[in-house]
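Undergrad: Need coordinates for the following:
(one chain, ligands or ions: 1)
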Amino acid sequence: MKNFPKEVGDVLRSFKLDPKNFDGAEILNDVVGQRITTRLKVAQGCWRKSSMARPDERFGAEVNRLVKKNLYKILTKSFGFEPVPYGILHGVRPTKIIQRWIREGFGVTSQGVIDRDKICRRIISDFLVERNKAELLTEVALRQLPIINRGEKKIGVYVGIPFCKTRCLYCSFPSNVLPAEKIIEEFMAALKLDVEAAAATIARYGLEVQTVYVGGGTPSALPEKFFAEMIELVHKNFCGAGVEEFTVECGRPDTISEEKISVMKNFGVTRVSVNPQTIHQRTLDFIGRKHTVEDFFRAFKILRAAGYWKINTDLIIGLPGEKFDDFKETLEKILELDPDDVTIHSLAIKRGSKLQMRLSDELNSLEDFNLPDDSQVRLMARHAEKILRDENFSPYYLYRQGYMSGQIENVGWCRQGAEGIYNVQIMGERQIILGTGAAASTKIPDPSGGKIRTAFNPKDLKTYLRDAEKYIARRDEIFAAGSRGFCHETIYR
Ligand code: SF4
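TA: Have a look, this model is predicted:
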């Protein structure tokens with residue numbers, strides 16, 4: 001099979017073209033000054049397209065973008081492929097591009113006013129994104145600006161609890177079906193070591209925790225006594241006076257109990273998520289969540305009755321067997337509960353998920369899973385946008401993944417003031433995120449916006465239990481290497 005560069009593979013996959021079917025094709029690029037010309041040679045002939053780089057682009061980034069742009073134009077204009085919503089914008093965090101432009105002064109008038117339309121036009125022209133998506137990206141990027149960073153020594157802390165009651169069909173997270181008590185005890189011991197070492201690192205560099213996010217997996221899948229122990233450990237080590245947000249994911253509603261709610265209240269949790277994904281039992285059964293629709297409504301009600309915290313609910317567009325009316329009904333019923341935050345995901349067929357493995361098995365095809373097609377998925381997303389806006393929600397964070405239904409995006413919606421700060425910081429990649437627990441990642445961005453130093457805790461539970469100390473040491477190394485920047489960060493407000 002021909003080994004195309006990544007940027008070429010990205011474009012081919014946008015049109016659901018398999019690079020391995022392009023064995024006879026040649027894609028050649030000439031770079032002359034700021035101009036890049038791409039030629040696609042196949043048996044039927046040769047097609048050519050040229051584009052000019054922008055003066056403010058970095059060499060390398062511009063080559064990558066223009067090769068994609070040229071090829072995309074050849075395939076849509078000369079071969080008749082249907083344009084896709086995000087054109088050649090393939091990254092996970094597209095809003096970061098807009099925020100970088102603004103930091104560099106693009107789209108900012110001499111009076112400091114941000115020209116939204118100019119930014120939108122550039123997104124459309126540079127990345128061939130549809131106008132409504134360009135507007136969505138710009139809106140999210142600008143809404144995040146006052147939240148990103150907010151203090152040079154403030155950091156976010158992530159705590160990874162890698163357990164769930166069962167594994168969802170589409171899950172690619174490092175979740176383990178809840179193991180025997182002895183393994184949970186070993187995990188708690190490793191986590192304690194990890195969390196206490198992280199607290200020492202925070203103190204050593206004089207950093208201040210702004211947000212704490214306990215995710216996974218499903219942290220609330222831990223049995224009562226371990227859950228209480230974990231929350232107390234996290235609170236004791238990370239929740240100082242400066243903490244603005246303490247989030248705990250309780251995704252699976254059947255893991256939520258009055259006792260766990262009481263523990264979270266006692267230790268000052270400010271944000272929780274409980275995720276129905278859909279309110280249709282047949283779908284829940286098919287995707288292997290093993291809880292009922294009633295479990296969700298019960299869990300939401302007791303969480304709401306407990307008081308003061310913000311509640312997020314995740315929904316998925318594009319689930320097997322679901323049609324427009326199914327999603328419409330799910331959204332209606334969820335909004336009747338008046339959640340603070342609604343995250344609309346588009347189903348992604350992710351590597352490592354049971355869904356992807358079953359699809360790569362010759363005996364299964366997309367039809368066997370009765371997945372809605374791209375046009376239905378886009379219709380559902382448009383409907384969600386309209387209804388949420390009518391209810392005064394607006395988008396505040398957005399990310400994309402490979403192989404998403406409809407080739408759209410995941411969007412967090414909330415009313416003004418209910419933004420999840422951690423969600424914004426993790427997308428902005430301007431703040432240090434210190435990861436503890438299984439599969440957690442630590443990221444130390446360079447203050448100038450360049451390189452990000454990273455350290456990853458292992459996804460595999462056994463490795464985490466065996467080698468926790470080794471991973472703590474690796475995290476300390478990147479803190480030592482990155483510490484020069486902590487005091488000199490230029491903050492965009
Ligand atoms: S609840 Fe989330 S983490 Fe757990 S199996 Fe399902 S998708 Fe994976």
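Undergrad: And the closest residue to residue 310 other than its chain neighbours, how close does it get to the ligand?
TA: Once flanking residues are discounted, residue 310 sits nearest to residue 340: 4.0 Å by CB to CB, 6 or more residues apart in numbering. To be clear about C-beta, it is placed using only N, CA and C from the backbone, and glycine gets the same treatment. Shown here: residue 340 relative to the ligand, a distance of 20 Å by CB to the nearest ligand atom, to the nearest Å.
Undergrad: Contact partners for residue 340?
TA: Neighbour list for residue 340: 310, 311, 312, 414, 415, 418 [criterion: CB atoms under 8 Å, 6 or more residues apart in numbering].
Undergrad: List just the nearest of those to the ligand.
TA: residue 312 (13.4 Å; CB to the nearest ligand atom).
Undergrad: ok, now which ones touch residue 313?
TA: 273, 274, 275, 276, 300, 334, 337, 339, 341, 342, 343.
Undergrad: need the residues of this protein near the ligand, please.
TA: 164, 167, 168, 171, 173, 175, 216, 217, 218, 251, 252 (CB under 6 Å from any ligand atom).
Undergrad: Where is pLDDT lowest across these?
TA: The lowest pLDDT within these belongs to residue 175, with 75.
Undergrad: from memory it sits against residue 161, does it?
TA: No: Residue 175 lies out of contact with residue 161 (CB atoms under 8 Å); the separation is 9.2 Å.
Undergrad: Could you point out which residue ranges in the stretch 301-450 of the chain have low pLDDT?
TA: The stretch 301-450 of the chain contains residues with pLDDT under 70 at 362-366, 449.
Undergrad: what are the ranges of the helices in it?
TA: Per DSSP state H, counting those that start in this stretch, the stretch 301-450 of the chain carries helices over the ranges 324-336, 354-360, 374-390, 421-428.
Undergrad: In contact with residue 409, which residues?
TA: 86, 133, 136, 346, 398, 399, 400.
Undergrad: again, but for residue 347
TA: Counted by CB under 8 Å, 6+ apart, residue 347 has contacts 170, 316, 317, 318, 319, 371, 377, 404, 405.
Undergrad: Which residues does stretch 331-338 contact?
TA: Identification of contacts with stretch 331-338 by CB under 8 Å, 6+ apart yields 276, 279, 297, 300, 304, 313, 315, 342, 383-384, 387-388, 391.
Undergrad: Kindly recompute the last result at 6 Å.
TA: 279, 300, 313, 384, 387, 391 (CB atoms under 6 Å, 6 or more residues apart in numbering).
Undergrad: out of those, which one sits closest to residue 141?
TA: residue 384 (19.9 Å; CB to CB).
Undergrad: Which strand or helix spans the residue in the stretch 201-350 of the chain that the ligand sits nearest to?
TA: Checking the stretch 201-350 of the chain residue by residue against the ligand with CB to the nearest ligand atom singles out residue 251 as nearest, at 4.7 Å. Following DSSP states H and E, one finds residue 251 outside all helices and strands.
Undergrad: Tell me the spacing between it and residue 272.
TA: From residue 251 across to residue 272, the span is 10 Å (CB to CB, to the nearest Å).
Undergrad: where exactly do the strands run in the stretch 101-250 of the chain?
TA: Secondary structure of the stretch 101-250 of the chain (DSSP state E, counting those that start in this stretch): strands at 154-161, 163-164, 176-177, 208-216, 245-249.
Undergrad: so can I have a markdown table of those strands showing mean neighbour count?
TA: Output for the strands of the stretch 101-250 of the chain, formatted as a markdown table (neighbours: other CB atoms under 10 Å):
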| stretch | mean neighbour count |
| --- | --- |
| strand 154-161 | 25 |
| strand 163-164 | 24 |
| strand 176-177 | 15 |
| strand 208-216 | 23 |
| strand 245-249 | 24 |
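Undergrad: Where among these is average confidence lowest?
TA: Across those, the lowest-scoring stretch is strand 176-177, with a mean of 88.
Undergrad: Whichever of the residues of the chain next to the ligand count as buried, I'd like them selected in PyMOL; how would that read?
TA: Buried residues among those (16 or more other CB atoms under 10 Å), as a PyMOL selection:
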select buried, resi 164+167+168+171+173+175+216+217+218+251+252
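Undergrad: and stretch 94-102, what's its mean pLDDT?
TA: 96.
Undergrad: List of residues touching that stretch?
TA: Contacts to stretch 94-102, defined as CB under 6 Å, 6+ apart, come from residues 107, 108, 119, 137, 140, 141, 398.
Undergrad: ok, the fifth one touching residue 394?
TA: No: contact criterion CB atoms under 6 Å: residue 140 and residue 394 do not qualify, at 8.8 Å.
Undergrad: So which of the two has more stuff around it?
TA: With other CB atoms under 10 Å as the criterion, residue 140 and residue 394 differ in neighbour count, and residue 140 comes out ahead with 24 against 16.
Undergrad: quick one, what contacts the more buried one?
TA: Residue 140 sits in contact with 95, 395, 398, where contact means CB under 6 Å, 6+ apart.
Undergrad: before we move on, back to that, how about JSON lines for the contacts of residue 409, with neighbour count added?
TA: Converted to JSON lines, the contacts of residue 409 look like this (neighbours: other CB under 10 Å):
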{"residue": "86", "neighbour count": "23"}
{"residue": "133", "neighbour count": "22"}
{"residue": "136", "neighbour count": "24"}
{"residue": "346", "neighbour count": "22"}
{"residue": "398", "neighbour count": "24"}
{"residue": "399", "neighbour count": "19"}
{"residue": "400", "neighbour count": "18"}
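Undergrad: ok, those residues vs residue 4, which is closest?
TA: residue 86 (19.9 Å).
Undergrad: Quick check: bridge partners of the nearest residue to residue 342 once chain neighbours are set aside?
TA: Leaving aside its chain neighbours, residue 342 sits nearest to residue 413 (4.9 Å; criterion: CB to CB, 6+ apart). Taking DSSP bridges, one finds residue 342, residue 395 as the beta-bridge partners of residue 413.
Undergrad: Count the neighbours of the residue in the stretch 351-493 of the chain that the ligand sits nearest to for me.
TA: Closest to the ligand within the stretch 351-493 of the chain is residue 353: 8.6 Å, counting by CB to the nearest ligand atom. Neighbourhood size, residue 353 [other CB under 10 Å]: 19.
Undergrad: Which residues are in contact with it?
TA: 170, 171, 172.
Undergrad: other SSEs contacting the one helix or strand residue 464 maps to?
TA: Per DSSP H and E, residue 464 falls inside helix 461-482. Judged by 3 or more CB pairs under 6 Å, 6 or more residues apart in numbering; DSSP states H and E, helix 461-482 is in contact with helix 181-204, strand 441-445, strand 452-456.
Undergrad: List the buried residues in the longest one.
TA: Same thing as helix 181-204. 184, 186-188, 190-192, 194-195, 197-199, 201-202.
Undergrad: quick one on the thing from earlier: tell me who's in contact with the residue of the stretch 201-350 of the chain closest to the ligand.
TA: Going by CB under 6 Å, 6+ apart, residue 251 touches 218, 275.
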